[in-house]
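*Asks:* Kindly generate the corresponding structure for this input.
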Amino acid sequence: MDFTKIDFAKFDPAKLFDVDAAISSMEQANQKAIALITDKKAKDIAETISSASFEFARAQAAAAKAFGEAVKKAIQV
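*Replies:* You can find the predicted model right below:
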């Protein structure tokens, strides 16, 4: 394959990997694991850290998507 002839204007990474679905799947698995914690304080801490982590992951995914769209527009110019 000749990688010098890739038309990046037609390249859509969103079609390669559904980041939102992956994050949601990981979050559901994480919630099931946290449900097994019996100590209330430890469970609350785990839920807080987990929630913040997944919010950060979603923000990073949104930023990466926005960056990809910006690159796409720049290449089209």
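*Asks:* report the longest helix in the chain, please.
*Replies:* Assignment by DSSP state H gives helix 40-76 as the longest helix of the chain.
*Asks:* Output the below-cut-off pLDDT ranges for the protein.
*Replies:* 1-4, 6, 8-16, 77 (pLDDT under 70).
*Asks:* So which elements touch the longest helix of the chain?
*Replies:* helix 19-34 (3 or more CB pairs under 8 Å, 6 or more residues apart in numbering; DSSP states H and E). From N, CA and C alone the C-beta is placed, and that goes for glycine too.
*Asks:* Give me the buried positions along the longest helix of the chain.
*Replies:* For helix 40-76, a neighbour-count test (16 or more other CB atoms under 10 Å) marks 46, 50, 54, 57 as buried.
*Asks:* Next, format these as JSON lines and append distance to residue 26.
*Replies:* Below are the buried residues of helix 40-76 laid out as JSON lines (distance: CB to CB, whole Å):
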{"residue": "46", "distance to residue 26": "14"}
{"residue": "50", "distance to residue 26": "10"}
{"residue": "54", "distance to residue 26": "8"}
{"residue": "57", "distance to residue 26": "8"}
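*Asks:* of all those residues, which comes closest to residue 7?
*Replies:* residue 57 (30.2 Å; CB to CB).
*Asks:* Please list the residues outside stretch 22-42 that contact it.
*Replies:* 43, 46, 47, 50, 54, 57, 58, 61 (CB atoms under 8 Å, 6 or more residues apart in numbering).
*Asks:* quick one: contacts for the fourth one?
*Replies:* Under the criterion of CB under 8 Å, 6+ apart, the neighbours of residue 50 are 27, 30, 31, 34.
*Asks:* And for the fifth one?
*Replies:* Contact partners of residue 54, counting by CB under 8 Å, 6+ apart, are 23, 26, 27, 30.
*Asks:* measure the last one to residue 61 for me?
*Replies:* Using CB to CB, to the nearest Å, residue 30 is found at 16 Å from residue 61.
*Asks:* Compute the distance between residue 24 and residue 33, please.
*Replies:* Relative to residue 33, and taking CB to CB, residue 24 is found at 15 Å.
*Asks:* And residue 47, by the same measure?
*Replies:* Distance, residue 47 to residue 33, by CB to CB: 11 Å.
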